[in-house]
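> Fold the stuff below for me.
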Amino acid sequence: MSSDEILVDARGHRCPVPTLRLRRALEAAPAGGRVRLLADDPLARIDVPHFAAQVGAAVLEQADADGALSFLIAKA
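Have a look, this model is predicted:
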């Protein structure tokens with residue numbers, strides 16, 4: 001994780017909480033800002049890319065990290 005990323009740790013929460021936290025972080029981020037979301041709800045694998053597409057954000061990276069899903073999203 002780079003120092004210019006906003007980290008949102010939503011592990012332990014079920015959807016839609018991870019997506020709601022991602023929305024708040026993206027709203028606070030500057031244009032072009034990056035948000036890394038950590039989630040362990042399997043539905044996040046579907047919900048996060050769908051949400052990003054809806055708001056015009058780009059999923060730059062999606063990976064499994066230490067038993068959690070890790071998403072790197074760039075704000076448009």
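
> Going by C-alpha atoms from here, please, whenever you check contacts or count neighbours.
Fine.

> in what helix or strand does the most centrally placed residue in the chain lie?
Central residue of the chain (Cα atoms, centre = their mean): Leu37, 3.5 Å from the mean position. Using DSSP states H and E, Leu37 sits within strand 34-39.

> so what does that strand touch, helix or strand wise?
Helices and strands touching strand 34-39, by 3 or more Cα pairs under 8 Å, 6 or more residues apart in numbering; DSSP states H and E, are strand 5-9, helix 17-28, strand 68-74.

> Is it correct that the residue nearest to the centre of the chain is in contact with Val8?
Yes: between Leu37 and Val8 there is a contact under Cα atoms under 8 Å: 4.8 Å.

> shared neighbours of the two, anything?
Common neighbours of Leu37 and Val8, using Cα atoms under 8 Å, 6 or more residues apart in numbering, are Leu22.

> quick revisit: from the helices and strands packed on strand 34-39, which stretch is densest packed?
Greatest average neighbour count among the helices and strands packed on strand 34-39 goes to strand 68-74 (a mean of 21), per mean count of other Cα atoms under 10 Å.
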